[in-house]
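Peer 1: give the three-dimensional model of this entry:
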Amino acid sequence: MKRKGANKPLMALGLLCCLFLVMPTVAFSWNQATHAYIVDRLGSHAGHDDLKEMWGSVAPDMYNFVFDPDLCPGWIGDQTQGTYADTFLKVWDAAETKNEEPLAFGFVSHNQQWGGDHVAHTSCQTCGENDGYIIVKARLLLNAPVNPADPEQTFGKAFAGLGMDPDMALLTAHAIVEEAIDIRLGNEVAPLLGRRLAAAARSDTKGFQPLFVKAFAEDYAAYCFGSGSSTAAAELTAAAALTAAEKGHRKDMIFLGQAISQPEPVAVQLLAVQLTGVLSELGFSVPVDILKTAMFSAMGICDDYKAEIEAAVLYVGKSLKDHGITLSLPQGGRQKK
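Peer 2: Next comes the predicted model:
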């Protein structure tokens, strides 16, 4: 399976910016560590303390890093992230065991229709605007000065001076805001978040692969691999692509977990270097220092992130219950099906 930059794991996280250039849907969402935090809180409320919900919650983004058009990344990415109503429920419907249930619970919590991503890119809970939290903060970042001593030189103007059009500048600001929140969350609220995310990527959550294949392989095969192939061959190709994407995503999440476990300046350096490399691949020569400055500025702009994430936990928890998505009790509870 072809994964752009697969031999450069330290650049994988920043490939989110590239995503928006090749995907049909622009998704201003939480970054993965924030998704993992939200669902970990929800799992704890239900008496669970394992890593399955966390891995399920970051899995919908696994096609963010896949760019081979032969793999139809736009279509399958929209399916997993819930861009279209109820596609994300395929995983919940496919879950048949108590091992699969928390994986599916985490996966569904991520969705754009009424899950975590809905708060991030459509319905901010605390900022009083009809936009997602990430969008609101990315726009504020673009209007913030690079140097307080020169308020006219904003990050938006600086990015424009580096050849970015407004859409690319907004996407860059969006990625910076996401990462800034992950860093603050890991440093200020949940010091074990990064380690838990990395542990989830390494753990027995590998049971997610067969669940993912069971949920999506048939439709994926029909959409992307059916032409000129038998049904059986197309489904085998689809299953292999799904498994490879999930495996690559684990490596990316291990790095993210390790990065946000570092002290704030180190985490900023790591993620800024990543983003510089990705922007270079896209034809933009952006100094690391300006991205570091932007990330620190975004941390200040997002000083209300705790309230928004708390509201997101409540919103996603209620949405899951309203849609009949609940976790069994960890001991002696009901079977899902």
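
Peer 1: with adjacent residues omitted, what lies nearest to Val66?
Peer 2: Nearest residue to Val66, sequence neighbours excluded (C-beta to C-beta, 6 or more residues apart in numbering): Pro73, at 4.5 Å. Where C-beta positions appear, they are placed from N, C-alpha and C, glycine not excepted.

Peer 1: oh sorry, the question was meant for Gly207
Peer 2: Nearest one to Gly207, counting by C-beta to C-beta, 6+ apart, is Asn99 at 5.6 Å.

Peer 1: does the one you found touch Thr205 like I think?
Peer 2: No: using C-beta atoms under 8 Å as the test, Asn99 is too far from Thr205 to be in contact (9.6 Å).

Peer 1: neighbour-wise, which of the two wins?
Peer 2: Per other C-beta atoms under 10 Å, whichever of Asn99 and Thr205 has more neighbours is Thr205, with 25 against 15.

Peer 1: any figure for the gap between that one and Phe159?
Peer 2: With distances defined as C-beta to C-beta, to the nearest Å, the gap from Thr205 to Phe159 amounts to 37 Å.

Peer 1: now swap in Gly317 and tell me
Peer 2: 37 Å.

Peer 1: so the residue nearest to Val66 touches Gln79, yeah?
Peer 2: No: counting by C-beta under 8 Å, Pro73 does not reach Gln79; the two are 10.6 Å apart.

Peer 1: ok, the residue nearest to Val66 - how many residues close by?
Peer 2: So Pro73, with other C-beta under 10 Å, has 23 neighbours.

Peer 1: how about the one 10 residues further on?
Peer 2: Neighbouring residues of Thr83 were enumerated by other C-beta under 10 Å; the total is 21.

Peer 1: ok, Asp289 next?
Peer 2: 11.

Peer 1: could you list every helix and strand in contact with the helix or strand it falls within?
Peer 2: Following DSSP states H and E, one finds Asp289 within helix 288-301. Secondary-structure packing of helix 288-301 (3 or more C-beta pairs under 8 Å, 6 or more residues apart in numbering; DSSP states H and E): helix 133-143, helix 155-161, helix 166-184, helix 264-281.

Peer 1: let's test this: mean pLDDT of the first one, rounded?
Peer 2: Read that as helix 133-143. Averaged over helix 133-143, pLDDT sits at 95.

Peer 1: what angle sits between that helix and helix 166-184?
Peer 2: Calculated by axes from the mean of the first three to the mean of the last three C-alpha atoms, to 10 degrees, helix 133-143 forms an angle of 110 degrees with helix 166-184.

Peer 1: buried sites along helix 133-143?
Peer 2: Tyr133, Ile134, Ile135, Val136, Lys137, Ala138, Arg139, Leu140, Leu141, Leu142 (16 or more other C-beta atoms under 10 Å).

Peer 1: sweet, I'm off.
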